[in-house]
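K.L.:
Curious how this folds, go ahead:
(chains A and B)
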Amino acid sequence: MPVLRWIRRNLIVIAGLLTLAYMILPNIVVMVFSFNKPNGRFNYAWQQFSLDAWKDPCGVADLCGSLSLSLQIAFWATLGATALGTMIAFALVRYRFRARGAINSLIFLPMAMPEVVMAASLLTLFLNMGAELGFWTVLIAHIMFCLSFVVTAVKARVMSMDPRLEEAARDLYAGPVQTFVRVTLPIAAPGIAAGALLAFALSFDDFIITNFNAGSTVTFPMFVWGSAQRGTPVQINVIGTAMFVIAVLMVLVGQLIASRRKSNARN
Amino acid sequence: MTQQQTAGGDVRLAGISKTYGSFTAVHPLDLTVPQGSFFALLGASGCGKTTTLRMIAGLEEATTGTVFLGDKDITDLPPYKRPVNTVFQSYALFPHLDITENVAFGLRRRGIKSVKKQVDEMLELVQLGDFARRKPHQLSGGQQQRVAVARALINHPQVLLLDEPLGALDLKLRRQMQLELKRIQTEVGITFVHVTHDQEEAMTMADTVAVMNGGRVEQLGAPADLYENPRTTFVANFLGTSNLIGGEIVSTGENLVVAAGGGKLALPRERCSASSTAAGGRLLLGIRPEKISLAHADDADDIPAGRNRVTGRITDSSFIGVSTQYVVESPAGTALQVYEQNIERDTRLVPGAEVVLHWNPAHTFGLDAAQDIDAGATSVEDAE
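P.N.:
Numbers count the residues shown, from 1 in each chain, chains lettered A, B, ... in the order given. Next up is the predicted model:
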């Protein structure tokens, strides 16, 4: 049976394509419906093709405000969590100190804890401290839960780093700062970048913790949630699609640069 | 390229030691490495040779003692302020930089802007001119090793430290790199301090070898001198192979005569390093396997007079091309090693044959009997 044989030979490719389809299908639905022109307020049934939403992505009240707020929070949360997390990761791998083991396990707590529980207890904490809920409480909460992801990503990288590379740098006239900037940081960079990307993605679309601790501030996920009660503007799909495309483009550009560099090195 | 070399000098370690908690890695040690020499620290793993090297580099802080470079005390200088560079065991090339940038690293850190010419020259010296834009992982082990040497040498250090630089290479490449390193050293004239556990490597390359054991220098000297005149059983066994025979001194004079294994063996008095050479004292006699001749017991009468003789029986023989290695059981020792050149092979010399071992008494050395006769004998295989 030639058909069976063909399937057997290409089994891995077929399985891969099916998995890919499973993951991408929801995104495609979001994309397609960003070109819809729904009747009424709900964008659930396909009516006709239109570019209206793409031409006016901020056409819905408060949408772009919440988007900009979310981007700001994600930016600062990423910055804070990456800086802190990188330092923690280096400390945990490189140094022996008291309570190192305890910290090593406690770092995982935010990942293991149910988010609702964490959100509720954080709110309790903020209220007891008399903090005013808003941008700052959300940012503090985001840095807190992003931290453990950054630490995990950077730690893996630092652990696989040969400490002799830093010794070699010191041996070659690089002082402590130079050693860190010229050798340690560039080698740890992929881990730090992975941690930062993870932090950005987590912070940007976090809903539960944000919703508990935001007070009257409205982030993008909260806006989507709120509007879903009353109808879903097509613009939400537009924003979602744009985010997706930007992310894919960034990955592609990154890979292009890497492969360009590789072929340059070979020539 | 020599402005730093001329200002150089000997490396001098004075009472240098290193302890980790209750463990002493290096006992107080005095050592002088003459300027421009190729110096090897030889020993099994854990003998303190790498720690000693790292103290010269500044990567390890000495517990006691002083490191001098010429007249200058560099004990408290951090590694990046010492005119000393290291070739690391696993090369430690920077994976994110290409070969040019790896080699230029030291120059750039000292604020030298135009590095291209120097880098090109250095890559030419190690014959890697065509690989300047590759990344370290695109190079073979031997090539990476040469980059590591170039990266250190380009700084014209007063001393180049090599920490088991050939350990990761296969045997053939290792031999090739030994010659290469020796050539480079002769060419640039910088002091090389080379750490290795391979006694053959140390002997081929170095002008002076310091044999280390248990955090101490057992003996120091030129390779031939160390090989011919070991002063401890450790050195006798670690450098090549030695047959050690215990005995009692029966007469003294220019030659010491020792009763051992039912016979009498002679050795020159000046080749005996034992503290006491009075009659009645115990002694270990040493003889290298290649210095022994083997005769079948039937031909015993043909052996010239005046030679040391030991009778025995062959228990094992292995043919290895240029020579045949015999193991002989005798009253003087159960496993005496004999290497015979395969010039005219006596077909009667097979396991079970009764034989006479004989050698020139002048080739015999004497050691103090109060030490472990097997010291250093097995550690070679452990380290490999």
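
K.L.:
Can you give me the distance of B:Ser293 to chain A?
P.N.:
Distance, B:Ser293 to chain A, by Cβ to the nearest Cβ, to the nearest Å: 50 Å. Glycine gets a C-beta too; all of them are placed from N, C-alpha and C.

K.L.:
Give the closest residue to that residue in space, chain neighbours not counted.
P.N.:
B:His358 (5.5 Å; Cβ to Cβ, 6 or more residues apart in numbering or on different chains).

K.L.:
And for B:Ser242?
P.N.:
Distance criterion Cβ to Cβ, 6+ apart; nearest residue to B:Ser242, sequence neighbours excluded, is B:Ala236 at 4.0 Å.

K.L.:
Just give me the neighbour total for that neighbour.
P.N.:
28 (other Cβ atoms under 10 Å in any protein chain shown).

K.L.:
In contact with the closest residue to B:Gly262 other than its chain neighbours, which residues are there?
P.N.:
Of all residues not flanking B:Gly262 in the chain, B:Pro331 sits nearest, at 4.7 Å (Cβ to Cβ, 6+ apart). Shown in contact with B:Pro331 (Cβ atoms under 8 Å, 6 or more residues apart in numbering or on different chains): B:Gly261, B:Gly262, B:Gly263, B:Val310, B:Thr311, B:Gly312.

K.L.:
Report the mean confidence score over the longest helix along chain B.
P.N.:
Scanning chain B for the helix with the most residues, using DSSP state H, yields helix B:171-188. In this model, helix B:171-188 has an average pLDDT of 87.

K.L.:
And the residue nearest to B:Gly262, its phi and psi?
P.N.:
Taking degrees, to the nearest 10, you get phi -60, psi -20 for the backbone angles of B:Pro331.

K.L.:
Kindly report the same for the one 4 residues further on.
P.N.:
B:Ala335 adopts backbone torsions of phi -140, psi 70, taken as degrees, to the nearest 10.

K.L.:
and the gap between it and chain A?
P.N.:
41 Å.

K.L.:
The residue nearest to that residue when sequence neighbours are not counted: neighbouring residues, count only.
P.N.:
Spatial nearest neighbour of B:Ala335, excluding adjacent residues (Cβ to Cβ, 6+ apart): B:Val327 at 5.4 Å. B:Val327 sits with 17 neighbouring residues when counted by other Cβ under 10 Å.

K.L.:
Surely B:Val327 forms part of a strand?
P.N.:
Yes: under DSSP: H, G, I helix; E, B strand; the rest coil, B:Val327 falls within a strand.

K.L.:
That one: what's it in contact with?
P.N.:
B:Ile314, B:Thr315, B:Asp316, B:Ser317, B:Ala335, B:Leu336, B:Gln337, B:Val338.

K.L.:
Wasn't the second one part of a helix?
P.N.:
I take that to be B:Thr315. No: applying three-state DSSP, one finds B:Thr315 to be strand, outside a helix.

K.L.:
about what we covered before: which entry within the contacts of B:Val327 corresponds to the minimum pLDDT?
P.N.:
Confidence-wise, B:Ala335 trails the rest of the contacts of B:Val327, at 87.

K.L.:
so it makes contact with B:Glu329?
P.N.:
Yes: B:Ala335 lies in contact with B:Glu329 (Cβ atoms under 8 Å); the separation is 7.1 Å.

K.L.:
more neighbours, these two?
P.N.:
Between B:Ala335 and B:Glu329, counted using other Cβ under 10 Å, B:Glu329 has the larger neighbour count: 14 against 11.

K.L.:
I'd like to know the beta-bridge partner residues of the more buried one.
P.N.:
B:Arg313 (DSSP bridges).

K.L.:
ranges for the helices of the stretch 101-250 of chain A?
P.N.:
Using DSSP state H, counting those that start in this stretch, the helices found in the stretch 101-250 of chain A span residues A:109-112, A:115-129, A:135-159, A:163-171, A:176-179, A:185-204, A:208-213, A:220-230, A:234-266.

K.L.:
could you dump these to CSV with mean pLDDT?
P.N.:
Formatted as CSV, the helices of the stretch 101-250 of chain A follow (pLDDT from 0 to 100):
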stretch, mean pLDDT
helix A:109-112, 87
helix A:115-129, 94
helix A:135-159, 94
helix A:163-171, 93
helix A:176-179, 93
helix A:185-204, 93
helix A:208-213, 94
helix A:220-230, 89
helix A:234-266, 85
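
K.L.:
what's around A:Leu133, how many residues?
P.N.:
For A:Leu133, using other Cβ under 10 Å, the count is 16.

K.L.:
Please name the nearest non-neighbouring residue to it.
P.N.:
A:Gly215 (2.9 Å).

K.L.:
List the contacts of the one you found.
P.N.:
A:Gly215 makes contact with A:Glu132, A:Leu133, A:Gly134, A:Thr137 under the criterion Cβ under 8 Å, 6+ apart.

K.L.:
Repeat that for B:Glu254.
P.N.:
Contacts of B:Glu254 by Cβ under 8 Å, 6+ apart are B:Pro268, B:Arg269.

K.L.:
if I pick B:Phe38, what's in contact with it?
P.N.:
B:Phe38 sits in contact with B:Lys182, B:Gln185, B:Phe192, B:His194, B:Met205, B:Ala206, B:Asp207, B:Thr208, where contact means Cβ under 8 Å, 6+ apart.

K.L.:
can you list the residues of chain A near chain B?
P.N.:
A:162, A:164-165, A:167-175, A:178, A:182-183, A:186-187, A:264-267 (Cβ under 8 Å from any Cβ of the partner chain).

K.L.:
so how far is chain B from the closest residue to A:Lys155 other than its chain neighbours?
P.N.:
Counting by Cβ to Cβ, 6+ apart, A:Ala89 is the residue found nearest to A:Lys155 once chain neighbours are left out, at 4.3 Å. As judged by Cβ to the nearest Cβ, A:Ala89 and chain B stand 18 Å apart.

K.L.:
is it true that A:Ala89 touches A:Phe149?
P.N.:
No: judged on Cβ under 8 Å, A:Ala89 makes no contact with A:Phe149 at a distance of 11.0 Å.

K.L.:
Just give the number of residues close to the closest residue to B:Ser330 other than its chain neighbours.
P.N.:
Of all residues not flanking B:Ser330 in the chain, B:Gly312 sits nearest, at 2.9 Å (Cβ to Cβ, 6+ apart). Residues lying near B:Gly312 (other Cβ under 10 Å) number 24.

K.L.:
next one: A:Ala53
P.N.:
24.

K.L.:
cool, and the one 5 residues further on?
P.N.:
Around A:Cys58 there are 14 other residues, counting by other Cβ under 10 Å.

K.L.:
Any idea which residue is closest to the centre of chain A?
P.N.:
What sits nearest the mean C-alpha location of chain A, by Cα atoms, centre = their mean, is A:Ala201, with 1.8 Å.
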